[in-house]
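Enquirer: Using only what follows, build the 3D model:
(one chain, ligands or ions: 1)
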Amino acid sequence: MGFGGRHIGIGGALVLLILSFVFHRNLFSVFLGDSAYDQPAATSAPQSAAAENTEVQFVSFVLDDVQATWEKLLPAAGTRYRRAKLVLFRDGVDSACGQAESATGPFYCPDDEKVYLDLGFFEELRGRFGAPGEFAQAYVIAHEMGHHVQKLLGIEGQVQRMRSINPREANPLSVRLELQADCFAGIWAMSTEQRKIVDQGDIAAAMQAAAAVGDDRLQKMATGHVSPESFTHGSSRERTQWFQTGLKSGQISACDTFGR
Ligand SMILES: [Zn+2]
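Expert: I've put the predicted structure just below:
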């Protein structure tokens, strides 16, 4: 293994790699000179920042893709599409729906039309579940965007009114709202299948991964009316079933979780 001018061997390279992780510095460029690398050691990015950058790029790509899908579908259903904004956070975050404490997990706030994604939650998905974890991340984003579509279609507002009229129905209504967001996520997944972006064989594993991490990270919203994504509302089976309904039909009308 000859990098630049010096020869360090596989063992040496491994040690340098581990030390680079430990010290958050690219020690290859320290030991081997800058010839093999574009950046000098002093300005090389820490490993954690590089990983975070990958995460941010992935999240932005999926979010854009989901929005582009709904930008086409909603006008066909007679509703103008408004883009949701993305907020990435670690630990706590302030939203128009209240303050989210640490380990909140992802959520959508209808009041400011923003999708809030917890990077720690996402890293856990990827780290614990590998490839299914990656699709699980995409599914979580598509699910949150499903809540945005519910807001734009006026469904979220209707459910809020029904909840205040009949508080006893609040929980079953939340479940139906969650399952519909899963169905809407399925509609997006159908478009990815058509474009061969995602391998659909991983869907069930991905949904189980999302649910497993979700259970560990119960959301705590200090204030606000939005019901947090607990992943315990609606069974895994129901959620997968509604996701599949969206995936197979690609139709908003097929996602009537309130009617049946
Ligand atoms: Zn939800």
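
Enquirer: counting contacts, what elements does the one helix or strand Ala170 maps to pack onto?
Expert: Element membership for Ala170, per DSSP states H and E: helix 170-194. Counting contacts by 3 or more C-beta pairs under 8 Å, 6 or more residues apart in numbering; DSSP states H and E, helix 170-194 packs against helix 47-76, helix 119-152, helix 155-165, helix 236-249. The way it works is simple: take the backbone N, C-alpha and C, and place the C-beta from them, glycine included.

Enquirer: Next, format these as TSV and append mean pLDDT, distance to Pro172 and mean neighbour count.
Expert: Formatted as TSV, these follow (pLDDT from 0 to 100; distance: least, C-beta to C-beta, whole Å; neighbours: other C-beta atoms under 10 Å):
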stretch	mean pLDDT	distance to Pro172	mean neighbour count
helix 47-76	88	26	16
helix 119-152	85	16	22
helix 155-165	93	10	14
helix 236-249	85	12	19
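
Enquirer: Quick one: closest of the ones you listed to the ion.
Expert: Nearest of these to the ion, taken as C-beta to the ion: helix 119-152 at 5.5 Å.

Enquirer: what inclination does that closest one have with respect to helix 47-76?
Expert: If you take axes from the mean of the first three to the mean of the last three C-alpha atoms, to 10 degrees, helix 119-152 sits at 10 degrees to helix 47-76.

Enquirer: and helix 119-152, what other elements does it pack with?
Expert: For helix 119-152, the packing partners by 3+ C-beta pairs under 8 Å, 6+ apart come out as helix 47-76, strand 107-109, strand 114-118, helix 155-165, helix 170-194, helix 203-216.

Enquirer: Can you pull the residues of the stretch 51-200 of the chain lying near the ion?
Expert: Residues of the stretch 51-200 of the chain lying close to the ion (C-beta under 5 Å from the ion) are 178, 181.

Enquirer: Flag every buried residue along the helix holding Ala170.
Expert: 173-193 (16 or more other C-beta atoms under 10 Å).

Enquirer: Point out where the stretch 151-260 of the chain drops to low pLDDT.
Expert: 196-202, 204-206, 208-234, 260 (pLDDT under 70).

Enquirer: picking up where we left off before, could you check the angle the helix holding Ala170 makes with helix 236-249?
Expert: Going by the same axes, to 10 degrees, helix 170-194 makes 40 degrees with helix 236-249.

Enquirer: so who does Phe58 touch?
Expert: Residues in contact with Phe58, defined by C-beta atoms under 8 Å, 6 or more residues apart in numbering, are 134, 137.
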